[in-house]
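In: Build me a model:
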Amino acid sequence: MKIDFLKLSDLKPLVCPTVKHSLTYFVTASSGLQTFPEFVAVSMIDGAEMGYCDSDIKTVELRQDWLRTLIKFAPQELEWHVNRCIVTHQLTKAVIEDINLHFNQTGGLHIFQELSGCEWDEETGEFDGYDDFGYDGEDFISFSMKTQTWLYTEQAATYKHKWESGKDGFKDTNFLTNICPQWLKTFLIYGSSSLQRTDLPSVSLLQKTPSSPVSCHATGFYPDKADLFWRKDGEQLHEDVDHGEILPNKDGTFQMRVDLNLSSVRPEDWSRYDCVFQLSGVKNHIITKLDKDQIRTNWGGDPQFPVAAVIGAVVGLLLLAACISGLFIWRKKNNEVFQVSSQETIVNFHQTQVQVQCDHISDRSDTNVTVEENTPGATTSGEK
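Out: Predicted structure coming up:
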């Protein structure tokens, strides 16, 4: 969740009003796609990937060292996840075939997704479960924990009878109300050293061509509760800026960018602009001055430009994004985004513009960067 600062000239720490933790399972099943697994599942805790499985490997790959240690003492949990992977694969495969038949759809690419899990409010101690389904990029069916009933979109309404008569395998209230909350607390204890760490990012200024917007790119930060924005004369800019989403890196950290359109800015005014990175729980903010000499570009074949690190790819297949980034989510019709914890990774199924992290910037040295302490006017050099 991005934080909007009310008094922009007086920077304050990025803090969340409540501390919430989440354990989430993402499932994507597809038909009509030959080059990727027809089933992919990813489990995440507080935005960090824990496990991965697909229909090709037919097992669960653990992505956290602390989870591997835990499994040694509780192998039954790994067995449960492997079984869940196999069973869910068969369920989703049957659902896609059934939906295609119901809507008289033959051939073509079709995507069925499930997003389930639980959230724990550390302040109130309350747990909340969720289980939502999407089909071909649209909301489809969701389970209401409050009423213990299925909720249907207009598209799914005609499918209600078939779903409720034959898809009880998806209805697992025991998992949402008991198993998931118990595991979430256990995982938070075992993974505390990793999940509660703080990593500051490398910040760079990037530009494709001399006439392109300048992108302020931060990579390698953790956790994902962060903000990145441009300022002019100490005031946050809301016009001529384009905010990218927070995306995962392969090493468990995150990256994000914000673009600044300089077409109407005179060269002599560049010094009035800077880029600010804020990380939740960190007192100091990283400030990067807008300086033409420090902009890295591939215009003219600059060998330092991190092409692989910042890819804005227009990809025709959702599953490509799912397999590479491990995150997939659908956009709601009312333009609200279903957010998992603070993660805001969005995939638009119909115009799938995906920013994929292949290899984040290997050169972690910062140029023209200062760290600003959270007191008005106080700025120190170097990185905290």
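In: how about low-confidence regions in the stretch 201-350 of the chain?
Out: Low-confidence segments of the stretch 201-350 of the chain, defined by pLDDT under 70, are located at 300-350.
In: can we see that at 90?
Out: Low-confidence regions of the stretch 201-350 of the chain, defined by pLDDT under 90, span residues 210-211, 224-225, 248-252, 280-281, 283, 297-350.
In: Just the helices from it, written as ranges.
Out: Remark: helices assigned in the stretch 201-350 of the chain by DSSP state H, counting those that start in this stretch are 318-325.
In: And for this structure, the residue most distant from the center?
Out: Computed with C-alpha atoms, centre = their mean, the maximum C-alpha offset from the centroid of the chain is found at residue 268, amounting to 37.7 Å.
In: any idea how far it lies from residue 261?
Out: For residue 268, the distance to residue 261 (C-beta to C-beta, to the nearest Å) stands at 17 Å. (C-beta placed from N, C-alpha, C; glycine too.)
In: Could you list which residues are in contact with residue 105?
Out: Residues in contact with residue 105 (C-beta atoms under 8 Å, 6 or more residues apart in numbering) are residue 99.
In: circling back: from residue 292, how far off is the residue farthest from the centre of the chain?
Out: With distances defined as C-beta to C-beta, the gap from residue 268 to residue 292 amounts to 11 Å.
In: Same check on residue 232?
Out: Shown here: residue 232 relative to residue 292, a distance of 16 Å by C-beta to C-beta.
In: before we move on, what about residue 243?
Out: In this structure, residue 243 and residue 292 are separated by 23 Å, where distance is defined by C-beta to C-beta.
In: out of these two, which sits in the busier spot?
Out: Taking residue 243 and residue 292 together and counting by other C-beta atoms under 10 Å, residue 243 has the greater number of neighbours (15 against 12).
In: what bridges to the more buried one?
Out: The partner list for residue 243 in beta bridges (DSSP bridges) reads residue 258.
In: Surely it and residue 275 touch.
Out: No: counting by C-beta atoms under 8 Å, no contact exists between residue 243 and residue 275, whose distance comes to 11.8 Å.
In: Find residues that contact each of these two.
Out: Common contacts of residue 243 and residue 275, defined by C-beta under 8 Å, 6+ apart, comprise 228, 229, 258.
In: List the residues that contact the first one.
Out: This means residue 228. 216, 218, 243, 256, 257, 258, 275, 276, 277, 278.
In: Which entries within the residues you listed meet the buried criterion?
Out: Restricting the contacts of residue 228 to buried positions leaves 216, 218, 256, 257, 258, 275, 276, 277, 278, with burial counted as 16 or more other C-beta atoms under 10 Å.
In: Okay, and residue 82 sits in which element?
Out: helix 75-102 (DSSP states H and E).
In: In that helix, which residues are buried?
Out: Of the residues in helix 75-102, those buried under the neighbour-count criterion (16+ other C-beta under 10 Å) are 77-78, 81, 84-86, 88-89, 91-93, 95-96, 99-100.
In: cool, and stretch 204-211?
Out: Applying 16+ other C-beta under 10 Å to stretch 204-211 flags 204, 205, 206, 207, 208 as buried.
In: Then stretch 109-119?
Out: 110, 111, 112, 113, 114, 115, 116, 117, 118, 119.
In: Go through the residues you listed and name the one nearest residue 283.
Out: For residue 283, the closest of the buried residues of stretch 109-119 turns out to be residue 119, at 27.6 Å, with distances computed as C-beta to C-beta.
In: doesn't residue 184 make contact with residue 121?
Out: No: using C-beta under 8 Å as the test, residue 121 is too far from residue 184 to be in contact (11.5 Å).
In: Have a look at these two and say which one is more surrounded.
Out: The residue with more neighbours, out of residue 121 and residue 184 and counting by other C-beta under 10 Å, is residue 184; that gives 21 against 13.
In: what's the distance between that one and residue 116?
Out: Residue 184 sits 13 Å away from residue 116, taking C-beta to C-beta as the criterion.
In: Could you do residue 144 as well?
Out: 13 Å.
In: surely residue 181 meets residue 120?
Out: Yes: using C-beta under 8 Å, residue 181 and residue 120 qualify as a contacting pair, with a distance of 6.5 Å.
In: At which residues are the strands of the stretch 201-350 of the chain located?
Out: For the stretch 201-350 of the chain, the strands defined by DSSP state E, counting those that start in this stretch cover 202-207, 214-221, 226-232, 235-236, 241-243, 247-248, 254-260, 273-279, 285-289, 295-297, 311-314.
In: Take the buried residues of stretch 109-119 and keep only those in strands.
Out: Assigned to strands by DSSP state E, the following of those qualify: 110, 111, 112, 113, 114, 115, 116, 117, 118, 119.
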